[in-house]
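With the sequence up front, the predicted model follows.
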Amino acid sequence: MEKKDKKHNSGNGDELVEEIFRAKKNSEKRMQKTYDEAENEIKGFKEEIDMLRKELTHYKKLEEDYLDRLKRLHADYDNYRKRVLREQIDTIARANKELIEKLLPVIDSFDQALAIVEDLKSCDDEFLKGVKMIYDKFMDTLQKEGVSVINPYGGQFNPHECEVAMTADVSEAEEGTVLEVLRKGYKLNDFLIRPAVVKVCKKS
């Protein structure tokens with residue numbers, strides 16, 4: 001009877017060992033499956049991260065391209081605006097220059113008339129005063145518009161603003177001194193409208 005129980009207990013022990021072995025094997029399978037799934041998931045995450053990195057690089061490149069285009073457009077617009085403004089200023093300056101050139105004969109006539117009238121002793125002082133007032137007002141208006149008179153009398157000859165019409169050897173004057181202004185010159189801001197015509201001292 002005892003032998004039979006021992007045999008029975010021995011059978012139960014084998015079954016228990018097998019059960020433990022199966023449980024261990026199943027556990028290992030589950031762990032392997034979990035590991036494989038985790039590894040696949042990690043691999044998927046890595047691929048997704050790589051893809052996101054590539055997209056980020058792509059969008060960064062796009063951003064740089066757009067910023068570069070924006071800078072170029074801004075520079076082009078700024079250059080265009082400056083060019084248009086410069087052209088407008090040049091157009092206005094040319095128009096003013098042409099207008100002043102048309103007025104120069106009138107100014108010359110005024111200068112000649114005043115010079116003649118001042119030499120006439122019989123001229124009415126009030127008339128002369130009125131003419132001078134008109135002339136001064138006219139010249140003051142031109143001056144406000146940027147017109148300046150080139151009258152280099154007594155100074156050194158400037159080839160950029162004067163033309164030599166006559167020369168004379170005057171002992172009291174230095175070489176190149178403007179002895180007489182035969183015709184006044186005029187400038188409009190930095191534009192030379194007409195050079196002054198002068199008589200210059202030239203040593204023999």
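Looks like it came in fine. Residues are numbered from 1 along each chain as shown.

pLDDT value on residue 13, please?
Confidence per residue is given as pLDDT, and for residue 13 that number is 64.

same question, residue 113
According to the predicted model, the pLDDT of residue 113 comes to 82.

secondary structure class for it?
Reducing the assignment to helix, strand or coil with DSSP: H, G, I helix; E, B strand; the rest coil, the entry for residue 113 is helix.

need the contact list for the residue nearest to it when sequence neighbours are not counted.
In space, not counting the residues next to it along the chain, residue 113 is nearest to residue 131; the distance is 7.3 Å by C-beta to C-beta, 6 or more residues apart in numbering. Bear in mind the C-beta positions are built from the backbone N, C-alpha and C, glycine included. Under the criterion of C-beta atoms under 8 Å, 6 or more residues apart in numbering, the neighbours of residue 131 are 113, 114, 117.

Which strand or helix spans residue 136?
Secondary structure assigned from DSSP states H and E places residue 136 in helix 125-144.

Report the mean confidence score over that helix.
The model assigns helix 125-144 a mean pLDDT of 86.

now do stretch 51-65
Stretch 51-65 comes out at a mean pLDDT of 90.

what are the ranges of the strands in this structure?
Under the criterion DSSP state E, strands of the chain are mapped to 147-150, 162-168, 178-183, 185-188, 191-194, 196-201.

just so I know, which of those strands lies nearest residue 25?
Using C-beta to C-beta as the measure, strand 191-194 is the one of the strands of the chain that comes nearest residue 25, at 103.6 Å.

Could you list the residues in contact with the closest one?
Contact with strand 191-194 is made by 93, 97, 100, 101, 104, 147, 160, 161, 185, 186, 187, as judged by C-beta under 8 Å, 6+ apart.

Now for the closest residue to the first one other than its chain neighbours, how many residues are close by?
Counting by C-beta to C-beta, 6+ apart, residue 93 lies nearest to residue 191, which is 6.0 Å off, once chain neighbours are set aside. When neighbours are defined as other C-beta atoms under 10 Å, residue 191 has 15 of them.

Any idea what residue 191 is bridged to?
Counting by DSSP bridges, residue 191 is bridged to residue 188.
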